[in-house]
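Student: prediction below, plus the sequence it came from.
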Amino acid sequence: MRLPAVIGFLTLASSAIAEVPNVVTDIAPVHSLVSQVMSKLGEPVLLLDQGSDPHHFQMRPSQARALANADLIFWIGDELTPWLDRAIEGGASHDHAIALLEAPETRVRQFNEGHSEGTDHDHHGHDPHAWLDTQNAALWLGIIAQKLSAADPGNAETYAVNAGIARAETDDITSYLHSTLAPAKELPIIVLHDAYGYFADQFDLTVVGAVREGDATAPGAAHLNALQTLIDSGSVACVFREPQHSAAMLEAIVADNQIHIGTLDPSGAMIEPGPGFYNALMTGLADAISRCAIED
């Protein structure tokens, strides 16, 4: 990864006399982006433990206190975590919450036609998994820096420099993803749940089906039968489980077919949270799909 010459300006962090804001984030990908911008100035609070269901989550008292005392809250939006929307609406931090999915210029996609609506995470039909588009991540880094700078003007230059470094790394990651995924573009794959639309759109992947059409939606028998028919026809190169969910249904529809079964981790349940989390998440997805292309 290249590091711009401006990295030297990071020494400003040690000399700046300022009140670093208390920051709360919802999920590990957002926590990673904020951590990169804050760097050594401070550590944002991560509400969701790794592997937790973002749609149904009970905050611990310490987390509720952190949320109440937050100067800034960065989160995806109520499409992903409706319980957090209710907590923010009822708290003193309402005016300091930034829903990244609603940020101007964010690339927002609708769920695929036929996706089951009315689930607890799909109030508006928007796909909340927008962190899986690196262009959104690059945009959000700038927004995070702007909001932190407004709350902490004394460290504004440091936030801007950190965001610039992080965006350069995101550009490098994007180039790596394009090259790594190029051999897999024509491979028809089935995923465990409909979370990969942004990733597939950006890198021209061919996702022909999902076992679960939504994060909180159980598949019906007709849907599973249709997927099994597709697999039996030989029209699928690979299927992908996820580490935090049971793979029983996926393995059942694969049955006795000789087909590659890989693992994708769209929320990074197996990755240590922190500044390096986002890049590890994205490269992990690309590497897993690339292995499918090699083994196919």
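Tutor: Ah, there it is. Numbering: from 1, shown residues only.

Student: what mean pLDDT does the helix or strand hosting residue 191 get?
Tutor: Under DSSP states H and E, the secondary-structure element containing residue 191 is strand 188-193. In this model, strand 188-193 carries a mean pLDDT of 93.

Student: can I get the very next helix or strand once past it as CSV, trimmed to CA atoms?
Tutor: Sequence-wise, the next helix or strand downstream of strand 188-193 (DSSP H and E) is helix 197-203. Provided in CSV are the C-alpha atoms of helix 197-203 (Å, rounded to 0.1, in the frame of the first residue of the first chain):
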residue,chain,number,x,y,z
GLY,A,197,-25.5,-6.7,-4.3
TYR,A,198,-23.2,-3.8,-3.9
PHE,A,199,-20.1,-6.0,-4.1
ALA,A,200,-21.5,-7.8,-7.2
ASP,A,201,-22.5,-4.6,-8.9
GLN,A,202,-19.1,-2.9,-8.4
PHE,A,203,-17.0,-5.9,-9.5
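
Student: the very next helix or strand once past helix 197-203 packs against which elements?
Tutor: Later in the chain than helix 197-203, the nearest helix or strand by DSSP H and E is strand 206-212. Applying 3 or more Cβ pairs under 8 Å, 6 or more residues apart in numbering; DSSP states H and E, we find strand 206-212 packed against strand 188-193, helix 197-203, helix 221-232, helix 248-254. (Each C-beta comes from the backbone N, C-alpha and C, glycine too.)

Student: who wins for proximity to residue 40 among these?
Tutor: Evaluated over these, closeness to residue 40 peaks at helix 197-203, with 30.6 Å, by Cβ to Cβ.

Student: remind me what the closest one packs against, helices and strands.
Tutor: Helix 197-203 packs on helix 134-151, helix 156-181, strand 206-212, going by 3+ Cβ pairs under 8 Å, 6+ apart.

Student: how many neighbours does the nearest residue to residue 142 once chain neighbours are set aside have?
Tutor: Among residues not flanking residue 142 along the chain, residue 163 sits closest, at 5.8 Å (Cβ to Cβ, 6 or more residues apart in numbering). Using other Cβ atoms under 10 Å, residue 163 has 24 neighbouring residues.

Student: isn't residue 163 up against residue 140?
Tutor: No: contact criterion Cβ atoms under 8 Å: residue 163 and residue 140 do not qualify, at 9.5 Å.

Student: any chance you could map the helices in the stretch 1-150 of the chain?
Tutor: 12-15, 28-38, 61-68, 82-89, 134-151 (DSSP state H, counting those that start in this stretch).

Student: quick check: which of these is buried the most?
Tutor: helix 28-38 (a mean of 27; mean count of other Cβ atoms under 10 Å).

Student: give the other helices and strands that that helix contacts.
Tutor: So helix 28-38, by 3+ Cβ pairs under 8 Å, 6+ apart, packs with strand 23-25, strand 72-75, helix 134-151, helix 156-181, helix 277-295.

Student: now it against helix 277-295, angle please.
Tutor: 130 degrees (axes from the mean of the first three to the mean of the last three Cα atoms, to 10 degrees).

Student: how distant is helix 28-38 from the center of its chain?
Tutor: Distance, stretch centre to chain centre, for helix 28-38: 11 Å (Cα atoms, centre = their mean, to the nearest Å).
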